[in-house]
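Colleague: have a look; sequence and predicted model below, questions after that.
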Amino acid sequence: MHEAQTTPDAAIGDDASSAPSSTRRPGRGGRRGARSGRRLAFDLTAIGLLSVLALGALGVGGVAVYRTLYSPAAFVERYLSLLSSGSAADALRLPGVAMDSAELAAAELPSTTSEVLLRRAALAPLSDVSVIGERVRGDVTEITVTYLANGHRGRTQFDVEQDGWIGVAPAWRFAHSPLSAIDLTVRGATRFSVNGFELDTRQVAPEGVNADPLVPVSMLVFSPGAYSISVDTPTARTPGVAVLSDAPQKAVPVDLQTEPTQEFVDVVQDRVDEFLASCATQQVLQPTGCPFGYFVRNRVEGVPQWSIAQNPEIEVVPDGAQWAIPSTRAVAHIDVDIRSIYDGRLNEVSEDVEFFLTGSITILPDGTASIQVSADQG
């Protein structure tokens with residue numbers, strides 16, 4: 001019998017086939033698994049970074065929206081934008097702008113202060129608005145802005161406080177109204193204009209036509225704002241005065257002295273000339289109500305004849321709320337026969353009589369002028 005024999009090659013083959021699979025060398029399938037794991041880790045990392053960037057972008061965007069639409073500065077900019085566009089009524093409706101009687105009293109403004117200038121027609125251009133400061137002081141945020149008001153550079157600080165919420169965003173109001181006032185006295189006229197908007201002091205004053213013209217009329221105005229006040233009537237005129245309202249709840253006094261127009265002076269001259277001519281028709285030595293006369297101690301024969309040899313050169317000057325004619329020289333001429341009581345001689349008198357007159361001029365409610373002329377005894 002023959003024994004079965006194994007060769008070295010066969011033994012080796014049997015050992016290899018019986019070895020555990022874990023001890024086998026990796027092939028192509030193992031390499032693909034490792035690459036897939038690394039890619040998954042990279043993708044997860046990228047997703048994490050994108051999420052962080054997205055959250056950051058949302059945060060930056062939210063801050064930008066808050067600053068633009070819902071911040072205290074945005075509230076003030078909204079108010080100034082309405083003034084810039086002439087939307088006076090909308091600006092007045094913003095929370096904290098309008099003032100009631102209690103707020104007027106707290107600001108030491110008259111309770112009768114008029115709102116007549118809180119309108120589009122009285123607004124001047126407002127531009128180049130810029131917020132330059134924001135400071136929190138307790139419950140109040142102070143917003144400081146610069147601007148150009150009708151070409152005048154200005155700077156104003158506003159106090160703003162929270163006024164509830166609009167959804168998740170805060171709402172705001174002015175802690176102190178941005179309105180201020182102009183206390184105006186107009187001398188020599190009742191009509192005036194503010195930025196071209198015409199008014200009459202008797203419309204604004206609580207006493208109406210019975211108002212004392214030297215008592216200032218108080219009118220609310222927006223701050224900031226530029227207000228040009230002038231007078232241009234047939235009787236009086238001013239070059240105007242510019243007022244910059246840049247401090248909320250402050251009263252700005254304005255005392256406006258007008259000057260008479262040449263047309264007005266000419267009318268007064270004509271009326272005085274007519275008055276003196278009327279005086280000259282009186283055939284007496286002392287014309288009644290007239291600024292001239294002639295005194296004699298002897299007897300008058302016949303009737304005196306008067307004429308005006310030289311009319312006064314009339315000047316019109318301010319006199320409180322009205323006008324006056326200062327002391328002015330004029331010359332009358334008299335022709336009269338005088339008989340001497342002493343010796344009976346008849347003297348034919350033809351003589352110039354110098355006199356001085358003054359006058360007062362009152363502008364009546366209907367716009368006409370009342371002129372009173374009298375002799376200057378000084």
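Modeller: Now that the structure is in, tell me what you want to look at. Since we're looking at a predicted model, the values are computed, not measured.

Colleague: got the buried residues for stretch 216-230?
Modeller: Of the residues in stretch 216-230, 216-227, 229-230 count as buried by neighbour count, 16 or more other Cβ atoms under 10 Å. Using the backbone N, CA and C atoms, a C-beta is placed for each residue, glycine as well.

Colleague: sorry, wrong one. I was asking about stretch 337-352.
Modeller: Within stretch 337-352, the residues that count as buried by 16+ other Cβ under 10 Å are 338-339.

Colleague: how far away from the center of its chain is it?
Modeller: 72 Å (Cα atoms, centre = their mean, to the nearest Å).

Colleague: neighbouring contacts of that stretch?
Modeller: Contacting residues not belonging to stretch 337-352 are listed as 294, 296-302, 309, 331-336 [Cβ atoms under 8 Å, 6 or more residues apart in numbering].

Colleague: most neighbours, which of the residues you listed?
Modeller: Greatest neighbour count in the contacts of stretch 337-352, by other Cβ atoms under 10 Å, goes to Ala332: 24 neighbours.

Colleague: burial check on Pro213, number of neighbours?
Modeller: Neighbours around Pro213, by other Cβ under 10 Å: 18.

Colleague: if we can go back for a sec, out of the buried residues of stretch 216-230, who's nearest Leu256?
Modeller: Ile229 (6.3 Å; Cβ to Cβ).

Colleague: what helices and strands are in contact with the helix or strand hosting the closest one?
Modeller: If you go by DSSP states H and E, Ile229 is part of strand 225-230. Using 3 or more Cβ pairs under 8 Å, 6 or more residues apart in numbering; DSSP states H and E, the elements in contact with strand 225-230 are strand 179-187, strand 191-194, strand 241-245.

Colleague: swap the cut-off to 10 Å and go again
Modeller: strand 140-149, strand 152-166, strand 179-187, strand 191-194, strand 241-245, strand 251-257 (3 or more Cβ pairs under 10 Å, 6 or more residues apart in numbering; DSSP states H and E).

Colleague: what kind of secondary structure is Arg271 in?
Modeller: Three-state call for Arg271 (DSSP: H, G, I helix; E, B strand; the rest coil): helix.

Colleague: what sits against it?
Modeller: Counting by Cβ atoms under 10 Å, 6 or more residues apart in numbering, Arg271 touches 314, 359, 361, 369, 371, 373.

Colleague: now the fifth one, what are its backbone angles?
Modeller: Backbone geometry at Ile371, expressed as degrees, to the nearest 10, gives phi -110, psi 120.

Colleague: okay, and the beta partners of it?
Modeller: With DSSP bridges applied, Ile371 shows beta-bridge pairing to Ile361.

Colleague: count residues in the vicinity of it, would you?
Modeller: 18.

Colleague: the fourth one now?
Modeller: Other residues within reach of Ala369, judged by other Cβ under 10 Å, total 17.

Colleague: wait, it touches Val265, no?
Modeller: No - counting by Cβ atoms under 10 Å, Ala369 does not reach Val265; the two are 11.2 Å apart.

Colleague: overlap in contacts, these two.
Modeller: 235, 316, 323.

Colleague: pretty sure the second one is touching Gly359, no?
Modeller: In this case it means Val316. Yes - judged on Cβ under 10 Å, Val316 makes contact with Gly359 at a distance of 9.0 Å.

Colleague: now for these two: what residues contact both?
Modeller: Going by Cβ under 10 Å, 6+ apart, residues that sit against Val316 and also against Gly359 are 268, 323-326, 371.

Colleague: which of the residues you listed count as buried?
Modeller: Buried among the shared contacts of Val316 and Gly359 by 16+ other Cβ under 10 Å: 268, 323, 325, 371.

Colleague: and which of those residues is nearest to Asp159?
Modeller: Using Cβ to Cβ, Trp323 is the member of those that sits closest to Asp159, with 45.8 Å.

Colleague: distance of the closest one relative to Pro260?
Modeller: As judged by Cβ to Cβ, to the nearest Å, Trp323 and Pro260 stand 6 Å apart.

Colleague: show me the shaky parts of this protein.
Modeller: Per-residue confidence for the chain (pLDDT under 70) gives these ranges: 1-66, 68.

Colleague: ok, which stretches of it are helices?
Modeller: For the chain, the helices defined by DSSP state H cover 8-18, 28-65, 72-84, 88-93, 101-106, 201-204, 262-279.

Colleague: what comes into contact with the fourth one?
Modeller: Translated: helix 88-93. Contacts for helix 88-93 (Cβ under 10 Å, 6+ apart): 78-85, 87, 97-99, 115, 117-123, 178-179, 220, 222, 225.

Colleague: among the contacts of stretch 337-352, name the ones in strands.
Modeller: Under the assignment DSSP state E, those contribute 299-302, 309, 331-336 to strands.

Colleague: now, which of these sits nearest Val241?
Modeller: Checking these one by one against Val241 (Cβ to Cβ), the nearest turns out to be Val331, at 41.5 Å.

Colleague: which residues touch the closest one?
Modeller: Taking Cβ under 10 Å, 6+ apart, one finds 292, 307-312, 352-355 in contact with Val331.

Colleague: with distance to Gly133 added, can I get those residues in a markdown table?
Modeller: Listed next are those as a markdown table, based on distance: Cβ to Cβ, whole Å:
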| residue | distance to Gly133 |
| --- | --- |
| Phe292 | 72 |
| Ser307 | 77 |
| Ile308 | 71 |
| Ala309 | 74 |
| Gln310 | 69 |
| Asn311 | 66 |
| Pro312 | 63 |
| Asp352 | 76 |
| Val353 | 75 |
| Glu354 | 71 |
| Phe355 | 69 |
